[in-house]
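Student: got a predicted model here, sequence first, then my questions.
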Amino acid sequence: MDLLQQLRRKFNKPMRITSAARCPDHNVRVSSTGPSGPHTSGTAFDIAVDRGDAWRLIQLATRDGWQGLGVSQKGVRRFIHIDKARETPTVWSY
């Protein structure tokens, strides 16, 4: 939470978390990462972002050492996934 708060201070806007820690059963239902994905270890967050804020949040998260960056910027469900569960930077889109 301290790392997430540090990112929020730099972003200088509220960050609405739409997903954080998940139990393994729920993660199996909603994610391709199965019962042991980064959300199950509490090291991943999905953050709702408005149009135009995604790139800035990605830049800040990368600078702060968040390794997993997933981007969903289609339709009304716009969010950025960030996690600290990876050894090397990984970026993907939904």
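Tutor: In hand now; what should we look at? Predicted model, so just to flag it, every value in this text is computed and none were measured.
Student: show me what contacts residue 33?
Tutor: 27, 39 (C-beta atoms under 8 Å, 6 or more residues apart in numbering). Every residue, glycine included, has its C-beta placed from N, CA and C.
Student: quick one, phi psi at it?
Tutor: Per-residue torsions, residue 33: phi -80, psi 0 (degrees, to the nearest 10).
Student: can you give me the pLDDT of it?
Tutor: At residue 33, the predicted lDDT confidence score is 91.
Student: same thing with residue 14?
Tutor: In this prediction, residue 14 carries a pLDDT score of 93.
Student: that one: what's its closest spatial neighbour, skipping adjacent residues?
Tutor: What sits nearest to residue 14 in space, not counting adjacent residues and going by C-beta to C-beta, 6 or more residues apart in numbering, is residue 8, at 7.6 Å.
Student: could you point out which element follows the host helix or strand of that neighbour?
Tutor: Here residue 8 sits within helix 2-11, counting by DSSP states H and E. Where DSSP H and E defines the elements, the next helix or strand beyond helix 2-11 is strand 16-19.
Student: for that next one, packing partners?
Tutor: strand 44-48 (3 or more C-beta pairs under 8 Å, 6 or more residues apart in numbering; DSSP states H and E).
Student: run through the neighbouring helices and strands of the strand it packs on.
Tutor: strand 16-19, strand 79-83.
Student: that strand pairs with which strands?
Tutor: Strand pairing for strand 44-48, determined by DSSP bridges: strand 16-19 (antiparallel), strand 79-83 (antiparallel).
Student: what comes into contact with the first one?
Tutor: In other words, strand 16-19. Residues contacting strand 16-19 (C-beta under 8 Å, 6+ apart): 4, 39, 44-48, 79.
Student: pLDDT score assigned to the residue nearest to residue 14?
Tutor: Looking at residue 8, its pLDDT is 97.
Student: how close does it sit to residue 31?
Tutor: Look at residue 8 and residue 31: by C-beta to C-beta, to the nearest Å, they are 24 Å apart.
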